[in-house]
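*Asks:* only geometry, no sequence info:
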């Protein structure tokens, strides 16, 4: 055996020992967590069966005492659960990602919202939430989980993954167990968790191999809850938080004044060297990092070691109806458990009444054989023929021949309802209907305001379950955010997004751009910056639209009465845009087109392009043509006047030149003849005026602004006139 083979065998043996310790630790933790909760979880299953399975209201010791009696079921509990489920489905809860400091930005937060909606729709995650909520209302506890899966499992050339934000977990009150020491609602403080899945022996052998389908050791059999059952094998997915020391690389760039941090598992040595070549200073720190390890195991051994998974949270979302701690242990219950006894009593008393009425519906006369002799058929057919009278023979004393009796000897009277039975039925019925009063009842002549107040009072009873679901969806968003940092990391990757109305879109990860301040930034880098998840209970889209339509129509009425026709038109068109119904598409397109043309709704890219094309191809009408011709005429007239003005300016410049020349000539003549300066100026002015008159104007009569300018651009002196 060579050295490398021996080394591999040693590593395999060491790994087997490590997994054996993990399996042993998981078993001990499961015992400590599951056993104290068995009674409560068994009760949760009974509650869900009670309202879901026909005949389950008579299960157990209660029904055994009525084994040979009529057993009717008049379900009065399900109305409460149905109302809670209806309120939830009419008020969907979705996570909203928002920037929370660092390098976070609004664009990336909006991209996260769109990615979550797209992943939710792709994997049909809403079904998992609905199932968890209904299980929580029935039994008190439900759950679902998040996973990362291949975006296209049939594409051999792509390893890109997507996050499934809602994978269904059925019977969560029997299958999901968290760290018993965790106290928070969302289990962020839990160090481990279990998800159990039942397989038939054939399915288990096909998935994991026949050699692993071994029985559970007798000395390790878990009381009341064996992972192995005669025909079923329970497979456990075990999640465990582990704090590990890992190298943290801190990259700083002096010129860019930026800092980036990467765990050793998030960056390759080649990428690190490239960063150094780009001028980044790299420092290494040893820090603790929380990783979530996942294992799949049977009752005998670890089947699969999945290693660390994406994110730093156990990807299981708990959902509760009501939850609290008593005797330092978590307790929960649904909307059924406290009303089961009243339902059982009510069903038992109604069943007793039905049985009594079926056995003795009418008074039955009693006769002797001598009285009925010869009239048997008449009595048998009395109910069918509705005979007006019936005959019997009188009883005659044979010794004396006298009639002893002419009527029935006695009669069987139906039992009367006992006062205690009536009281029990009234109490049980009252207890069952108190909480459901006015749930679906609408009285006549009730104003809309009064109905809204009553609806608000009824909806308030759903406040705690809906708020608990809000916390669960917030937990889902936080887990999704942590997983997305490791799943959606590829620079330049195009991811699917979806808006609130269901419209499809795309986004580019790590997309560079320049903001409005001219600063170079990276958009859609989920790993940079901090984000928080905010959830609120909002009405369903259809409900919100109905209210929008009603509000817009009211606004239109008020605006029309106030004389604001434009506002009334806008409000009416907005109401049309939010109406649902068959055949509304064309009308809504028309309403949107008008709103866009009025400037109320901004046009999208296609609408903007259509508007530009229409403007370019639009043919002017007669009025527009007349206006265009008039405008062209004005332009021609203006051009003519401009040419005339330029000619006048040129003529003026010529006049100035001639005037200067005349003055200079006059000065020379004066010097020769001995005239005075003033006389010379007068002669020059006369000569200049004569020249100006010949050019169409008197130099002295022109305004100051029209006076000619001398050479070198200087204004003519004020005393030159």
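*Replies:* Yep, it's here. Everything numeric here is computed off the predicted structure, so don't read it as measured data.

*Asks:* residue closest to the middle of this protein?
*Replies:* By CA atoms, centre = their mean, the chain has its centre lying nearest to residue 94, at 2.7 Å.

*Asks:* Quick one: classify residue 500 as helix, strand or coil.
*Replies:* Here residue 500 is recorded as coil under DSSP: H, G, I helix; E, B strand; the rest coil.

*Asks:* I'd like the numbering to begin with 20 instead of 1 from here.
*Replies:* That works, and once the first residue is 20, the last one we named lands at residue 519.

*Asks:* Next, the contact list for the residue nearest to the centre of the chain, please.
*Replies:* Neighbouring residues of residue 113 by CB atoms under 8 Å, 6 or more residues apart in numbering: 135-136, 492, 554, 557. Using the backbone N, CA and C atoms, a C-beta is placed for each residue, glycine as well.

*Asks:* 7 Å - rerun?
*Replies:* Neighbouring residues of residue 113 by CB atoms under 7 Å, 6 or more residues apart in numbering: residue 492.

*Asks:* Let me know how buried residue 116 is, in neighbour terms.
*Replies:* Residues lying near residue 116 (other CB atoms under 10 Å) number 25.

*Asks:* Likewise for residue 296?
*Replies:* Residue 296 has 8 nearby residues by other CB under 10 Å.

*Asks:* Can you list phi and psi of it for me?
*Replies:* With angles defined as degrees, to the nearest 10, residue 296 sits at phi -70, psi -30.

*Asks:* and it, what pLDDT?
*Replies:* As predicted, residue 296 sits at a pLDDT of 86.

*Asks:* again with residue 453
*Replies:* Confidence score, pLDDT, at residue 453: 64.

*Asks:* do the one 5 residues further on as well
*Replies:* On the pLDDT scale, residue 458 is placed at 46.

*Asks:* Equivalent analysis for residue 552, please.
*Replies:* Looking at residue 552, its pLDDT stands at 94.

*Asks:* again with residue 522
*Replies:* So residue 522 comes in at 87 (pLDDT).

*Asks:* quick one: it from residue 516, how far?
*Replies:* Using CB to CB, to the nearest Å, we find residue 522 at a distance of 9 Å from residue 516.

*Asks:* more neighbours, the two?
*Replies:* More neighbours surround residue 516 than the other of residue 522 and residue 516, with 20 against 10 (other CB under 10 Å).

*Asks:* name the element residue 564 belongs to?
*Replies:* Element membership for residue 564, per DSSP states H and E: helix 560-580.

*Asks:* elements contacting that helix?
*Replies:* On a contact count with 3 or more CB pairs under 7 Å, 6 or more residues apart in numbering; DSSP states H and E, helix 560-580 meets helix 584-596.

*Asks:* residues of the helix it packs on that come out buried?
*Replies:* By neighbour count on 16 or more other CB atoms under 10 Å, the buried set for helix 584-596 is 587-596.

*Asks:* The closest residue to residue 144 other than its chain neighbours in helix, strand or coil?
*Replies:* Distances taken as CB to CB, 6 or more residues apart in numbering place residue 185 nearest to residue 144, at 2.7 Å, with adjacent residues excluded. What three-state DSSP gives for residue 185 is strand.

*Asks:* number of nearby residues for residue 185?
*Replies:* Residues within reach of residue 185, counting by other CB under 10 Å, total 25.

*Asks:* Hmm, it is touching residue 150, no?
*Replies:* No. Residue 185 lies out of contact with residue 150 (CB atoms under 7 Å); the separation is 9.2 Å.

*Asks:* ok so residue 70 is a helix residue?
*Replies:* Yes. Counting by three-state DSSP, residue 70 falls inside a helix.

*Asks:* Distance-wise, check the nearest residue to it once chain neighbours are set aside relative to residue 451.
*Replies:* Nearest non-adjacent residue to residue 70, counting by CB to CB, 6+ apart: residue 97, 4.9 Å away. Going from residue 97 to residue 451 by CB to CB gives 11 Å.

*Asks:* ok, now residue 492?
*Replies:* For residue 492, the distance to residue 451 - CB to CB - is 31 Å.

*Asks:* okay, these two: which has more neighbours?
*Replies:* Using other CB under 10 Å as the criterion, residue 492 and residue 451 rank with residue 492 on top: 23 against 20.

*Asks:* Spell out which helix or strand contains the more buried one, please.
*Replies:* helix 482-506.

*Asks:* what's the burial count for the residue lying closest to residue 73 once chain neighbours are set aside?
*Replies:* The shortest distance from residue 73 to any residue other than its chain neighbours is 7.0 Å, reached at residue 92 (CB to CB, 6+ apart). Neighbours of residue 92 under the rule other CB under 10 Å: 15.

*Asks:* Look at residue 92 and report its pLDDT.
*Replies:* With respect to pLDDT, residue 92 has a value of 90.

*Asks:* any idea which element it lies in?
*Replies:* Using DSSP H and E, no helix or strand contains residue 92.

*Asks:* Using just helix, strand and coil, how would you label the nearest residue to residue 440 once chain neighbours are set aside?
*Replies:* For residue 440, the nearest residue in space outside its immediate sequence neighbours is residue 368; the separation is 5.6 Å by CB to CB, 6+ apart. Assigned by three-state DSSP, the conformation of residue 368 is helix.

*Asks:* Now residue 524: phi and psi?
*Replies:* Phi and psi for residue 524, reported as degrees, to the nearest 10, are phi -160, psi -180.

*Asks:* ok, it touching residue 133?
*Replies:* Yes. Here residue 524 reaches residue 133: they are 6.2 Å apart, a contact under CB under 7 Å.

*Asks:* Which residues are in contact with each of the two?
*Replies:* 516-518.

*Asks:* How about the contacts made by the closest residue to residue 620 other than its chain neighbours?
*Replies:* Closest residue in space to residue 620, ignoring its immediate chain neighbours: residue 614 at 4.2 Å, by CB to CB, 6+ apart. Applying CB under 7 Å, 6+ apart, we find residue 614 in contact with 589, 592, 620.

*Asks:* Let me have the buried residues of helix 584-596 in TSV, adding distance to residue 291 as columns.
*Replies:* As requested, the buried residues of helix 584-596 are exported to TSV (distance: CB to CB, whole Å):
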residue	distance to residue 291
587	65
588	63
589	58
590	60
591	63
592	59
593	56
594	60
595	59
596	54
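
*Asks:* nearest to residue 30, of the residues you listed?
*Replies:* residue 596 (66.3 Å; CB to CB).

*Asks:* Would you mind listing the buried residues in whichever strand in the chain runs longest?
*Replies:* For the chain, the strand that runs over the most residues, judged by DSSP state E, is strand 251-272. Of the residues in strand 251-272, 252-260, 267-268, 270 count as buried by neighbour count, 16+ other CB under 10 Å.

*Asks:* Need the residues that contact the helix or strand following it.
*Replies:* Helices and strands here follow DSSP H and E; after strand 251-272, the next one along the chain is strand 277-282. Strand 277-282 is contacted by residues 265, 267-271, 308 when judged by CB under 7 Å, 6+ apart.

*Asks:* could I get those residues as TSV with pLDDT?
*Replies:* Below are these laid out as TSV (pLDDT from 0 to 100):
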residue	pLDDT
265	82
267	87
268	87
269	87
270	86
271	87
308	84
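
*Asks:* Now do the contacts for residue 207.
*Replies:* Shown in contact with residue 207 (CB under 7 Å, 6+ apart): residue 332.

*Asks:* switch to 10 Å and redo it
*Replies:* Contacts for residue 207 (CB atoms under 10 Å, 6 or more residues apart in numbering) come out as 201, 331-333, 494, 497-498.
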